[in-house]
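Peer 1: pasting the structure only:
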């Protein structure tokens, strides 16, 4: 049996040695730590595709080429998840047996849409995690990025970035400094959508499970929500100058108390140069109508988290404007029967696309 590293890349295994490359050899060849390679395999499904007669996972030449491509793309500034998806589409060399592409997995807790029990939790269902919708241009990295705080938690596969597991532990310990620094770092490095999908939703899912299993964790939820909203505000303050003359209004449905998705959407739009006005939770429809008349927004986004706030009838009473204003309804609370002119969105990316389409 060979050591973990196996033969050096490019060498043929000798007698008694297992075929392929061990993680140590691949690490040396790419200049990427073995811990990072393990994280890429766990999170993105890009790793060793063969198992040796001795039962050990081994990288073959096709695996090595995919990892080289992923590493190259990351060095150009592409987010790891996107780099992995593109690298997994790399065709094997002529005569080389294709390796089976594996669906990316994640080391973080499942998102809220993964189980019915989590679907109605107070926080974790705020915008479902989905890969079905294309990311609008510019969302992977904000136009202006601040340097990551030195105190930020470290991610298993990307130095300086937190993992969802680490962030959840900091929140459970009520460690305000670590939670704030981690969120600031993730937002500066990857923007709002990545942070929401990769960190925020998994942390809320973990908190929700704790509440369901033990009855505890309300304090953790409140602290994490508070630090997240503050981090989004700091990120939004660095947004570039608006590129469209008409703003976008964002509000919670009347009596809807959940407002985090509104602030997250506002921050994501701001990074794209869209001016926003956030009216917040529990916005009376009369007040929303008054704001629409005064501002003449290009779009209005209304969030309903729970069914008690999802009556679509008041949306039909919102004023018609000239130029026209698009009304977008987001969240799981909305009933069927939305007015025909109202657009229903179900994901974060869907919401951004609906607003950005209006501004074109």
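Peer 2: Structure's in. What do you need? Owing to the predicted nature of the structure, the values given are computational and were not obtained by experimental measurement. Numbering: from 1, shown residues only.
Peer 1: now what about stretch 277-293, what contacts it?
Peer 2: For stretch 277-293, the surrounding residues in contact (CB atoms under 8 Å, 6 or more residues apart in numbering) are 247-259, 262-263, 266, 295, 297, 300, 302, 314, 317-319, 321, 325. Backbone N, C-alpha and C define where each C-beta goes, glycine included.
Peer 1: Pull out the buried members of those.
Peer 2: 247-254, 256, 258-259, 262-263, 266, 295, 297, 300, 302, 314, 318, 321, 325 (16 or more other CB atoms under 10 Å).
Peer 1: In helices only, show me the residues you listed.
Peer 2: Assigned to helices by DSSP state H, the following of the buried ones among the contacts of stretch 277-293 qualify: 262-263, 266, 295, 314.
Peer 1: quick revisit: the buried ones among the contacts of stretch 277-293 in strands, which ones?
Peer 2: 248-252, 300, 302 (DSSP state E).
Peer 1: Nearest to residue 233 among those?
Peer 2: Proximity of these to residue 233 (CB to CB) peaks at residue 250, which lies at 13.7 Å.
Peer 1: For the closest one, name its beta-bridge partners.
Peer 2: residue 278, residue 301 (DSSP bridges).
Peer 1: I'd assumed residue 267 was in contact with it.
Peer 2: No: with contact defined as CB atoms under 8 Å, residue 250 does not count as touching residue 267 (10.5 Å).
Peer 1: I'd like the ones in helices among the buried ones among the contacts of stretch 277-293 laid out as a markdown table, including distance to residue 27 and pLDDT.
Peer 2: As requested, these are exported to a markdown table (distance: CB to CB, whole Å; pLDDT from 0 to 100):
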| residue | distance to residue 27 | pLDDT |
| --- | --- | --- |
| 262 | 44 | 95 |
| 263 | 40 | 95 |
| 266 | 42 | 95 |
| 295 | 55 | 94 |
| 314 | 59 | 95 |
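Peer 1: Which member of these is positioned nearest residue 45?
Peer 2: Using CB to CB, those come closest to residue 45 at residue 263, 32.2 Å.
Peer 1: so who does the closest one touch?
Peer 2: Counting by CB under 8 Å, 6+ apart, residue 263 makes contact with 229, 232-233, 236, 278.
Peer 1: switch the cut-off to 10 Å
Peer 2: 192, 228-233, 235-236, 250, 276, 278, 280 (CB atoms under 10 Å, 6 or more residues apart in numbering).
Peer 1: Just want the phi and psi numbers for the residue minimising distance to the centre of the chain.
Peer 2: Centroid-nearest residue in the chain: residue 197, 2.3 Å away (criterion: CA atoms, centre = their mean). Main-chain torsions, residue 197, degrees, to the nearest 10: phi -70, psi -40.
Peer 1: what's the answer for residue 50, then?
Peer 2: When quoted as degrees, to the nearest 10, the phi and psi of residue 50 stand at phi -120, psi 160.
Peer 1: per-residue pLDDT, it?
Peer 2: Looking at residue 50, its pLDDT is 76.
Peer 1: Is it correct that it is in contact with residue 58?
Peer 2: Yes: if you go by CB atoms under 10 Å, residue 50 and residue 58 touch, sitting 4.9 Å apart.
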